[in-house]
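Give me a 3D structure for the following:
(one chain, ligands or ions: 2)
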Amino acid sequence: MKLQEYRSKEILARYGAPVAPGETATTPDEARAAAERIGGPVVVKAQVLVGGRGKAGGVKLAATPDEAAARAAEIIGLDIKGVTVRTVLVAPAARIAKEYYLGLVLDRGGRTVTVIASAEGGVEIEETARTNPDAILRLPLDPLIGLQDHQVRRVAFFLGLPPELRKPFATTLRGLDRAFMESDADLAEINPLVVTEDGQLEALDAKIVLDDSALFRHPDLEALRDLGEEEPSEIAAREAGINFIKLDGSIGCMVNGAGLAMTTMDLVKLAGGEPANFLDIGGGAKADRVAAAFRIILDDPNVRAILINIFGGITRGDEVARGIVEARETLGRQVPMVARIVGTNAAEAALILRAANLITADSLDDAARRAVAAAAATT
Ligand code: GDP
Ligand code: MN
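Numbering: from 1, shown residues only. Ligands and ions are numbered 1, 2, ... in the order given. Below is the predicted model:
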């Protein structure tokens with residue numbers, strides 16, 4: 001779960017990071033009032049969960065409250081990478097002398113949390129990684145002893161910070177580290193961390209991504225979820241207890257079990273198709289859950305065929321088959337469905353599916369090929 005910049009900044013401020021307090025606004029008038037309270041030049045920033053807001057016109061400076069209102073009017077309603085801006089952050093404008101990147105990420109390959117730092121901040125760090133990898137420091141942290149003082153000093157030296165900023169920098173990196181650890185984050189970054197013209201360290205942009213699997217430990221953070229910006233289908237899936245991730249292909253997948261769901265996606269690709277989603281309906285799929293899964297899959301206009309792959313263990317195949325047939329009757333849109341049900345009561349399941357005119361398949365390869373062919377036939 002990604003947190004908006006202003007939320008991320010609130011958290012980092014609690015951990016002692018140098019963040020200038022700002023205010024959010026949803027109308028130009030609110031932005032003007034916020035700028036009046038702040039006093040002096042401000043920056044007006046789109047609060048959307050996508051990167052590169054600056055380049056997209058979502059970050060603008062304003063010298064006066066009236067200008068802040070005008071800039072807010074331009075930014076609110078703006079479309080940034082498919083997301084409409086509803087809220088802006090109004091914060092004191094900084095006079096930037098130099099921009100740095102400072103982040104903590106979970107490095108799954110290295111099985112550690114890693115500090116990433118660069119004196120080439122501001123721009124997208126992925127771009128720097130490609131064009132100038134030597135400009136980036138990666139410092140893995142020992143999972144048992146964590147961030148060490150000598151590592152903090154090493155990062156400060158690598159960035160070439162002036163001696164008088166080493167102390168505030170240490171506070172910033174230590175705060176970022178504690179915020180990352182204590183909120184079970186996957187990512188906590190400040191980009192840019194800047195040195196201002198009057199020699200102060202300041203975090204101008206922040207981004208925290210929380211580990212969804214650890215959210216149950218943080219009800220206070222879970223409450224910050226921005227439903228306005230999530231895939232509506234993913235929200236519906238979460239509410240129905242279905243594990244679902246939307247993708248860009250045309251073959252809808254309905255599978256029980258995460259491993260089987262991934263295998264199914266691989267075989268769709270092998271058969272020359274592209275999966276429209278990852279979907280795990282979980283164990284003991286009943287008709288109502290199957291119906292919810294169908295609705296979520298078919299909500300995606302790109303879906304041209306559905307591949308149903310069920311392994312009946314405790315779940316009885318004939319029950320799932322009945323659930324599928326029942327649910328299909330309630331759907332607004334019909335697309336070809338290919339079903340492969342194996343395991344407990346597979347033979348009974350096949351009879352039910354055939355009687356209802358679903359395409360059936362015995363092997364998963366065969367099912368994937370038929371689904372891809374059925375999708376191609378409808379376009
Ligand atoms: P992003 O594009 O979504 O990463 O948004 P950022 O908050 O990082 O802003 C993008 C760029 O706008 C920064 O790298 C800065 O160069 C600039 N910027 C952001 N805040 C300020 C500010 O207070 N003063 C000045 N002069 N520039 C700013
Ligand atoms: Mn940024």
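
give me the low-pLDDT residue ranges for the chain?
For the chain, the stretches with pLDDT under 70 are 284-285, 379.

how close does the closest residue to residue 326 other than its chain neighbours sit to residue 293?
Spatially, and ignoring its direct neighbours in sequence, residue 326 is nearest to residue 287 (4.9 Å; CB to CB, 6 or more residues apart in numbering). Where C-beta positions appear, they are placed from N, C-alpha and C, glycine not excepted. Between residue 287 and residue 293 the computed distance is 11 Å (CB to CB, to the nearest Å).

Ok, residue 303 next?
Residue 303 is 12 Å from residue 293, by CB to CB.

out of those two, which sits in the busier spot?
residue 293 (30 against 19; other CB atoms under 10 Å).

pretty sure residue 244 is in a strand, no?
Yes. Assessed by DSSP: H, G, I helix; E, B strand; the rest coil, residue 244 belongs to a strand.

What's opposite it in the beta bridge?
residue 279 (DSSP bridges).

Tell me how many other residues surround the spatially closest residue to residue 299 that is not a sequence neighbour.
Using CB to CB, 6+ apart and skipping residues adjacent in sequence, the residue nearest residue 299 is residue 233, 5.3 Å away. If you count neighbours by other CB under 10 Å, residue 233 ends up with 20.

can you list contacts of the host helix or strand of residue 233?
In this structure, residue 233 sits in helix 232-240 according to DSSP states H and E. If you take CB atoms under 8 Å, 6 or more residues apart in numbering as the criterion, helix 232-240 is touched by 227, 243-246, 279, 289, 292-293, 295-296, 299-300.

try 10 Å this time
Helix 232-240 has contacts (CB atoms under 10 Å, 6 or more residues apart in numbering) with 212, 225, 227, 230-231, 242-246, 277, 279-282, 288-289, 291-293, 295-300.

next one: it to chain centre, how far?
Counting by CA atoms, centre = their mean, to the nearest Å, helix 232-240 is centred 14 Å from the centre of its parent chain.

and the residue of the chain at minimum distance from ligand 2, how many neighbours does it have?
Taking CB to the ion, ligand 2 has its nearest neighbour within the chain at residue 205, 3.5 Å off. The number of residues packed near residue 205 is 24, by other CB under 10 Å.

these two touch, right, it and residue 47?
No. Counting by CB atoms under 10 Å, residue 205 stays clear of residue 47, with 11.2 Å between them.

Overlap of the contact sets of the two?
Listed as contacting both residue 205 and residue 47 by CB under 10 Å, 6+ apart are 5, 53, 89.

of all these, which comes closest to ligand 1?
Distances from ligand 1 to the shared contacts of residue 205 and residue 47, taken as CB to the nearest ligand atom, are shortest for residue 53 (3.3 Å).

what does the stretch 51-200 of the chain have sitting close to ligand 1?
Within the stretch 51-200 of the chain, the residues that sit near ligand 1 (CB under 6 Å from any ligand atom) are 51-54, 59, 61, 93-94, 96, 99, 122, 191-192.

Buried only: go through those for me.
51, 53-54, 59, 93-94, 99, 122, 191-192 (16 or more other CB atoms under 10 Å).

could you redo the residues you listed as TSV and give each row distance to residue 161 and secondary structure?
Putting these into TSV (distance: CB to CB, whole Å; DSSP: H, G, I helix; E, B strand; the rest coil) gives the following:
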residue	distance to residue 161	secondary structure
51	25	coil
53	26	coil
54	23	coil
59	24	strand
93	22	coil
94	16	coil
99	13	strand
122	16	coil
191	16	strand
192	14	strand
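
which two from these end up farthest apart in space?
51 and 93 (20.7 Å; CB to CB).

picking that back up, just curious, which of the shared contacts of residue 205 and residue 47 is nearest to residue 338?
Distances from residue 338 to the shared contacts of residue 205 and residue 47, taken by CB to CB, are shortest for residue 53, at 42.5 Å.

Next one: the closest residue to residue 227 other than its chain neighbours from residue 296, what distance?
Excluding the flanking residues, the one nearest residue 227 by CB to CB, 6+ apart is residue 235, at 6.1 Å. Noted for residue 235: a distance of 10 Å to residue 296, by CB to CB.

same deal with residue 122?
The spacing between residue 122 and residue 296, counted by CB to CB, is 39 Å.

State the phi and psi torsions of the residue of the stretch 201-350 of the chain at minimum distance from ligand 1.
Ligand 1 sits closest to residue 205 of the stretch 201-350 of the chain, with a gap of 3.2 Å, by CB to the nearest ligand atom. Main-chain torsions, residue 205, degrees, to the nearest 10: phi -140, psi 140.

What sits closest to it if chain neighbours are left out?
Using CB to CB, 6+ apart and skipping the chain neighbours, the partner closest in space to residue 205 is residue 191 (5.6 Å).

Now for that neighbour: which residues touch it?
When contacts are counted by CB under 10 Å, 6+ apart, residue 191 touches 51, 99-103, 116, 118, 121-125, 203-207.

can we see that at 7 Å?
Counting by CB atoms under 7 Å, 6 or more residues apart in numbering, residue 191 touches 101, 103, 121-122, 125, 205.

Of all pairs in the residues you listed, which one is the farthest apart?
Among the contacts of residue 191, the pair separated by the greatest distance (CB to CB) is 103 and 122, at 13.1 Å.

What residues does the stretch 51-200 of the chain have near ligand 2?
Residues of the stretch 51-200 of the chain that fall close to ligand 2, judged by CB under 5 Å from the ion: residue 191.

show me where the stretch 51-200 of the chain has helices.
Taking DSSP state H, counting those that start in this stretch as the test, the helices found in the stretch 51-200 of the chain are 65-75, 125-131, 149-159, 166-182.

Most tightly packed of those?
Mean neighbour count (mean count of other CB atoms under 10 Å) peaks for helix 65-75 among the helices of the stretch 51-200 of the chain, with a mean of 21.
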